[in-house]
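**Q** What follows is a protein structure lacking sequence information:
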């Protein structure tokens, strides 16, 4: 929902764009500050409205308090300051408390059985809208201030950054160092504005026409039909899910990026023809690019990256992708999806070390096909619980047998 | 048409890439108007299935 609701365009995007550009006509205001406050105000209303209507009523709206608290504590951030570390820890704790506490408690109960160690009341908190995305932006800001990569700016610009509502719910995950100059330079540009409208409409069509049509097939994976379907049908449904998730999420990103164009602001791209990748490494440079960059910069590199030899690199890759999997959802199937991608990345890294980068048409075609198959095997874990995913993959394997 | 050309063309019509400067303003305005109406109508025709964007739940 949200981007395919009229309220988004008539109550939030349209009015905010008008106010944002009209402010440029008022000579007596500090434009950057005024625009930052306008974006923060609309962002607050946006979060409160959709939090209330879609995510748990007043408890959903109360998620705005997390942003207010972040704004308060971020005032204390300085390079090499402990407050930055505090900011990182608090963002992680917010994410864990809301998203993973129930999962950890249920998993613990699975191990503890019916003994005395069992947790009786498994907590289930209402998940604030966009929590996985905004906490990653909070962590990025605290980490980059700590490392001295970004200068502390007036209060309003960071508020505009976290309350920029086109990206609040599901990204693309922005970087403050890129967003702030965009906000400062933003002006009405007719060509970019028109391109933004095209991008929004194209994103909507991708979702409503194409992604939702692929759903008609892929949704069967989570019904009883899976257990009586022919192997070729199951393979087709998994491929349909691969197309659906691409068209759905890239459509979503198109609308977010197109909305940014209406303000005259460029938001990072999220997709670059991922299914045309000839290796899994290339796939991750083209799929959910803003998340890939985040995981690389704030998980993989701090873990040591590729600096500690082959085994350490493999472990770092597996850890980074396992975390990326769990970030998508608090369930074992997402963990399996992340580990599967980590394993493919590791295998590709070793392969490249031994064989270099072979060229030629046959190699290109084989690489393209192998990457596509590997990614689609991953989607089976992504869209079904583990027993179902194993069953579906085993059924597909019967085609080969 | 090569793959690269096809990808470029799809990026033009999808709004990911600015339009080429070889077209004049009147042609661009007309093409855009037709394309926007078409995209709007096709999205409207398929609306009402009430599905969420997948990543909204993450």
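**A** On my side now, so go ahead. Computed from a predicted model, the values in this text were never measured in an experiment.

**Q** what's near enough to touch the residue in the stretch 301-401 of chain A positioned nearest to chain B?
**A** Residue nearest to chain B within the stretch 301-401 of chain A: residue A:328 (5.5 Å; C-beta to the nearest C-beta). C-beta here means a position set from N, CA and C on the backbone, and glycine is covered the same way. Residue A:328 sits next to A:132, A:334, A:337, A:338, A:382, B:58 when contact means C-beta atoms under 8 Å, 6 or more residues apart in numbering or on different chains.

**Q** mind putting these in a markdown table, neighbour count, pLDDT and secondary structure included?
**A** Formatted as a markdown table, the contacts of residue A:328 follow (neighbours: other C-beta atoms under 10 Å in any protein chain shown; pLDDT from 0 to 100; DSSP: H, G, I helix; E, B strand; the rest coil):
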| residue | neighbour count | pLDDT | secondary structure |
| --- | --- | --- | --- |
| A:132 | 22 | 92 | helix |
| A:334 | 20 | 96 | helix |
| A:337 | 26 | 97 | helix |
| A:338 | 25 | 97 | helix |
| A:382 | 24 | 96 | helix |
| B:58 | 19 | 69 | coil |
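
**Q** just those residues now: which is nearest residue B:14?
**A** residue B:58 (23.7 Å; C-beta to C-beta).

**Q** if we can go back for a sec, could I get the pLDDT score of the residue of the stretch 301-401 of chain A closest to chain B?
**A** On the pLDDT scale, residue A:328 is placed at 94.

**Q** where does chain A dip in pLDDT?
**A** Residues of chain A meeting the criterion pLDDT under 70: A:1, A:56, A:123, A:152-155, A:401.

**Q** Name the single longest helix found in it.
**A** Longest helix in chain A, counting residues (DSSP state H): helix A:231-263.

**Q** before we move on, what about chain B?
**A** Longest helix of chain B, by residue count under DSSP H: helix B:25-45.

**Q** tell me what that helix is packed against?
**A** Applying 3 or more C-beta pairs under 8 Å, 6 or more residues apart in numbering or on different chains; DSSP states H and E, we find helix B:25-45 packed against helix A:190-205.

**Q** now the helix it packs on, how far from the chain's geometric center?
**A** Its chain's C-alpha centre and that of helix A:190-205 lie 22 Å apart, by C-alpha atoms, centre = their mean, to the nearest Å.

**Q** try stretch A:7-27
**A** Its chain's C-alpha centre and that of stretch A:7-27 lie 26 Å apart, by C-alpha atoms, centre = their mean.

**Q** between the helix or strand that contains residue A:179 and helix A:231-263, how many degrees?
**A** According to DSSP states H and E, residue A:179 maps onto helix A:176-185. Here helix A:176-185 runs at an angle of 40 degrees relative to helix A:231-263 (axes from the mean of the first three to the mean of the last three C-alpha atoms, to 10 degrees).

**Q** Check which residues of helix A:176-185 are buried.
**A** A:176, A:179, A:180, A:182, A:183 (16 or more other C-beta atoms under 10 Å in any protein chain shown).

**Q** ok, and what's touching the host helix or strand of residue A:392?
**A** Taking DSSP H and E as the definition, residue A:392 sits inside helix A:386-400. Helix A:386-400 has contacts (C-beta under 8 Å, 6+ apart) with A:221-222, A:226-227, A:229, A:231-232, A:234-235, A:237-238, A:332-333, A:336, A:377, A:380-381, A:384.
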